[in-house]
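In: Predicted model, plus sequence, below.
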Amino acid sequence: MPQTAPDFQQYPVLVVDDEPDNLDVFRLSFRRLHPLLFAGGGAEALEILRAQPVAVVVTDQRMPGMSGLELLREARRVRPDTVNILVTGYADVPTLGEAINDGLIHRFLSKPWASEDVALALRAAVETHHLVQENRRLVEQLRGVNAYLTDEAHASYNFGDIVGDSAALRTLLAVVEKVAPTDSTVLLRGETGTGKELVARALHLSSPRAEGPFVRVNCAALSAGVLESELFGHEKGAFTGAVQRRVGRFELADGGTLFVDEVGDIPPETQVKLLRVLQEREIERVGGTETIKVDLRIVGATHRDLEALVAAGTFREDLYYRLNVFPVRVPPLREREGDVEKLAAHFAARIAARTGRRFAGFHAEALERLRRWTWPGNVRELENVVERALILSSDGYISPDGLDFGSRPAGAAAASDAVALVPAGSPSTLAEELDGLERSRLAAALEKHRGCKSDIAKELGVNRSTLYYRLRKYGFA
């Protein structure tokens, strides 16, 4: 990211002098150029430095109690990033030279000073401070990007994972192709497991930002406090455990795309801050005061009914309109006629390569059962079903007996037509039957509520953590 010119009103200047008249002259001369703070001596100046960040310290050298150089030595321990200017009427060349060589002072001004000289010195000092802060921020951003990309390297993503040739998929990709070259905010709507993240990656890779980072965050997986820190970053000491400054996802995505998954689960207090980013493209880290500009595209995603959430008062209407600039519906798998077979073969080949197992093909009846299922868990569910079936296969062929949907296929008339919960020939135990019943209830609830976890938990009478455990147990998550 290119470095920007400083906003001088963001960088306070602390002026220290034991003579009130000198402070008044400084106030009248420079109050319109910089935010000014004043202290009548070294002790008072250090209190100010401990209380708030300061960009530049301008101090008189000869003061009772603590000289200017003594103050600056203490100030460096309190605020090591300040740029220091010493004003003196008694030029002690050896002392000043040593202080300059040691980096203690940026420059010194001799009394009586001229307003033009001080104005130039202040401008140069603020620019130096801004440059140091910008360089530090860029280093932290690069460190954060490196850590993020290291984590991403462990995940396998491929644009070719968008597999299929159905009319519904072709329509979706045509819309993606239209909106990708723009910088419009996109909101992906669709059921859980339809592949919204893959669509978001396709948007990014087809956009002018393709060379920039693609950063993702799942709002449903994080608590309110953690989510805010993940999105905006935090300063050292912002909260218990914040032992160092951390760059957030907005900064990591600078120059690229931020994929904000499950936007319907963003807590109200974070919604306000997200709205500001969408409007102004600027953020503040948690516990910080610096305003940071970010240049990124935001792609949101949700399986929830945002309009209903707005009506219920749990989702801000202004944020809804900011996110819903270009809505894109990602079709469920049951609407993608002909894609199930292609996806199943794609997943089987990929799983075989990953696990070292042999994949020889599908039995005709197995393919027919795959086609008949309504896929409440969509593409993610299909991948889980195929993986389990391939593991159970003894000859590399996926048979109907190895398919476990957790409930009977769509259109089945009786329980006797249901897909077996265990391989054919295996005796059914009470535990297996109970698991089958629980799996069936979960599948039915997922389909009924379109994957909405809160509604499913309410119907089944369990809390969300128990629900997530059950979904993972049976391969629905």
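Out: Ah, there it is.

In: quick one: low-confidence ranges for the stretch 201-350 of the chain?
Out: Within the stretch 201-350 of the chain, the set of residues satisfying pLDDT under 70 is empty.

In: which residue ranges form the strands in it?
Out: Taking DSSP state E, counting those that start in this stretch, the strands of the stretch 201-350 of the chain run over residues 214-218, 233-234, 246-247, 257-261, 282-283, 292-293, 297-302, 326-329.

In: so how far is the first residue of stretch 231-249 from its last?
Out: One end of stretch 231-249 sits 5 Å from the other (C-alpha to C-alpha, to the nearest Å).

In: Not counting its own residues, what contacts it?
Out: The contact list for stretch 231-249, computed with C-beta atoms under 8 Å, 6 or more residues apart in numbering, reads 137, 140-141, 143-144, 215-217, 225, 229-230, 250-251, 258, 270, 273-274, 283-288. The way it works is simple: take the backbone N, C-alpha and C, and place the C-beta from them, glycine included.

In: Which positions within it qualify as buried?
Out: 231-235, 238, 245-249 (16 or more other C-beta atoms under 10 Å).

In: now the strands: where do they sit in the stretch 351-477 of the chain?
Out: 361-362, 397-398.

In: which of the ones you listed sits most buried?
Out: Among those, ranked by average contacts under mean count of other C-beta atoms under 10 Å, first place goes to strand 397-398 (a mean of 21).

In: With distance to Lys293 added, can I get the buried residues of stretch 231-249 in CSV?
Out: Formatted as CSV, those follow (distance: C-beta to C-beta, whole Å):
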residue, distance to Lys293
Leu231, 16
Phe232, 13
Gly233, 14
His234, 18
Glu235, 17
Ala238, 20
Arg245, 18
Arg246, 18
Val247, 14
Gly248, 14
Arg249, 16
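
In: on that earlier part again, tell me which of the strands of the stretch 201-350 of the chain sits nearest to Val379.
Out: Nearest to Val379, of all the strands of the stretch 201-350 of the chain, is strand 297-302, at 14.2 Å by C-beta to C-beta.

In: Outline the domain layout of this structure.
Out: 8-131, 161-331, 334-473 (automatic domain parsing).

In: Determine which stretch of the ones you listed is the most buried.
Out: Neighbour counts (mean count of other C-beta under 10 Å) averaged over each of those peak at domain 161-331, with a mean of 18.

In: on that earlier part again, Arg50: which of the strands of the stretch 351-477 of the chain is closest?
Out: Nearest to Arg50, of all the strands of the stretch 351-477 of the chain, is strand 397-398, at 68.4 Å by C-beta to C-beta.

In: model confidence over the closest one, on average?
Out: Mean per-residue pLDDT for strand 397-398: 92.

In: packing partners for it?
Out: Strand 397-398 is packed against strand 361-362, helix 378-392, with contacts defined by 3 or more C-beta pairs under 8 Å, 6 or more residues apart in numbering; DSSP states H and E.

In: now the shortest one: how far from the chain's centre is it?
Out: When C-alpha coordinates are averaged (C-alpha atoms, centre = their mean, to the nearest Å), strand 361-362 and its chain have centres 40 Å apart.

In: Equivalent analysis for the longest one, please.
Out: From the chain centre to the centre of helix 378-392 is a distance of 29 Å (C-alpha atoms, centre = their mean).

In: all helices of the stretch 201-350 of the chain, in order?
Out: Along the stretch 201-350 of the chain, counting by DSSP state H, counting those that start in this stretch, helices occupy 224-232, 249-252, 268-280, 306-312, 317-323, 339-355.
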